[in-house]
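**Q** Next comes the sequence, and after it the predicted model I'd like to discuss.
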Amino acid sequence: MWGRGGFSESNFEGGGGGFLHDTSGGGHGFGSQAQDTKRSGSRSQSMMSVTVHQLVNADQDGDGFTINGKEVHQVTLIGRIVSVEESSTNIMYKIWDKTAEPLNIRKWIEVDDGSLEGDKRSECREGVMVRVTGHLRSFQGQRSMIAFGIAPVTDFNEITYHLMDVVYTHLAITKGVGGQSKSLATGLVNTEASHSHMGLSSTQNEIYEWILHCPEEAGISMEELSSKARAKSLTTHQVRQVIEFLSNEGHIYSTIDDDHFKATDG
């Protein structure tokens, strides 16, 4: 699917298309580096699966963006790194997904980044396929992203899953596709296999599954997660460590407050 041609722009003409999981949540500004890197704020918004083409064609109103009339908050995309420029404070990636020209994506380097984060940065080099989560911004007419998560794609089933998600959500917005169609579409991919790409430990994967399969609109609460964890001889502290990891990686996000979570693929 990424070998020859990839996604064609003609597949998503007319306002640039649109791919949205959830229309709830407020906007997020880009007035300062502190805002861009504030993870608690980042996790509180809804998540869109998109292509670069959708981002560069999104409608803009002030600091906010819409795709097919739906507000754009957090976004996630998959593409190949074509260039990397690193400074003492940030890394600028150019990422290409074959739907438009490469997009500039900036990832700030935080002073408290540990060795794990450093190892991850070293893996994100030219030619590597990565998943990026972050916020869309515009400066002097040029679209870019501020990333709060970027990680190599280790299982190429993730690309298929992402593109199916993009197609489904586009149809859900423009054609009014319902829940049964979503089940049929997502059923084409083995869900368990699609999660294994994330390279999670068994504990991380188990907690992620609890979050993913929670039917509540507001997501699963920290209290419920802790209760489930106690049955597995896990402490609340261990659960919070996993939650922070999953949030920073863009696998989950907080909803009504900092103690309720949903999976971005849910």
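**A** Received the coordinates, thanks. Numbers count the residues shown, from 1 in each chain.
**Q** in which helix or strand would I find the closest residue to residue 99 other than its chain neighbours?
**A** Using C-beta to C-beta, 6 or more residues apart in numbering and skipping residues adjacent in sequence, the residue nearest residue 99 is residue 53, 3.7 Å away. Bear in mind the C-beta positions are built from the backbone N, C-alpha and C, glycine included. Assigned by DSSP states H and E, residue 53 belongs to helix 52-56.
**Q** which helices and strands sit right next to that helix?
**A** strand 74-86, strand 103-108, strand 142-152 (3 or more C-beta pairs under 8 Å, 6 or more residues apart in numbering; DSSP states H and E).
**Q** any idea how far the residue nearest to residue 99 is from residue 125?
**A** Distance of residue 53 to residue 125, given as C-beta to C-beta, to the nearest Å: 24 Å.
**Q** of these two, who's got more company?
**A** Higher neighbour count among residue 53 and residue 125: residue 53, with 22 against 13, using other C-beta atoms under 10 Å.
**Q** so that one touches residue 100, yeah?
**A** Yes: if you go by C-beta atoms under 8 Å, residue 53 and residue 100 touch, sitting 4.3 Å apart.
**Q** in the stretch 51-200 of the chain, which spans are strands?
**A** Secondary structure of the stretch 51-200 of the chain (DSSP state E, counting those that start in this stretch): strands at 59-61, 64-67, 70-72, 74-86, 90-96, 103-108, 129-139, 142-152.
**Q** what's the least confident stretch among the ones you listed?
**A** When the strands of the stretch 51-200 of the chain are compared by mean pLDDT, strand 70-72 comes last with a mean of 82.
**Q** partners of that strand in the sheet?
**A** strand 64-67 (antiparallel) (DSSP bridges).
**Q** per the record, what domains does the protein have?
**A** What automatic domain parsing lists as the domains of the chain is 9-152, 198-266.
**Q** Now those domains in CSV, please, with extra columns for distance to residue 162.
**A** Output for the domains of the chain, formatted as CSV (distance: least, C-beta to C-beta, whole Å):
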stretch, distance to residue 162
domain 9-152, 5
domain 198-266, 9
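**Q** which of those domains has the lowest average pLDDT?
**A** Mean pLDDT is lowest for domain 9-152 among the domains of the chain, at a mean of 74.
**Q** buried stuff in stretch 162-171?
**A** Applying a neighbour-count criterion of 16 or more other C-beta atoms under 10 Å, the buried positions in stretch 162-171 are 162, 163, 164, 165, 166, 167, 168, 169, 170.
**Q** repeat for stretch 83-101
**A** The neighbour-count check on stretch 83-101 (16+ other C-beta under 10 Å) flags 90, 91, 93, 94, 95, 96, 97, 98, 99, 100 as buried.
**Q** distance of the fifth one from residue 83?
**A** Spatial separation of residue 95 from residue 83 under the definition C-beta to C-beta is 9 Å.
**Q** If we ignore the residues flanking it in sequence, what's nearest residue 92?
**A** Nearest non-adjacent residue to residue 92, counting by C-beta to C-beta, 6+ apart: residue 85, 4.5 Å away.
**Q** surely the one you found meets residue 91?
**A** Yes: counting by C-beta under 8 Å, residue 85 touches residue 91, with 7.1 Å between them.
**Q** ok so, going back, make CSV from the strands of the stretch 51-200 of the chain and add distance to residue 265 to it.
**A** Shown next, in CSV, are those (distance: least, C-beta to C-beta, whole Å):
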stretch, distance to residue 265
strand 59-61, 26
strand 64-67, 19
strand 70-72, 18
strand 74-86, 9
strand 90-96, 20
strand 103-108, 21
strand 129-139, 11
strand 142-152, 14
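**Q** of all those strands, which lies closest to residue 253?
**A** Proximity to residue 253 (C-beta to C-beta) singles out strand 74-86 among the strands of the stretch 51-200 of the chain, at 6.7 Å.
**Q** packing partners for that closest one?
**A** Against strand 74-86 (3+ C-beta pairs under 8 Å, 6+ apart) you get strand 47-49, helix 52-56, strand 90-96, strand 129-139, helix 157-174.
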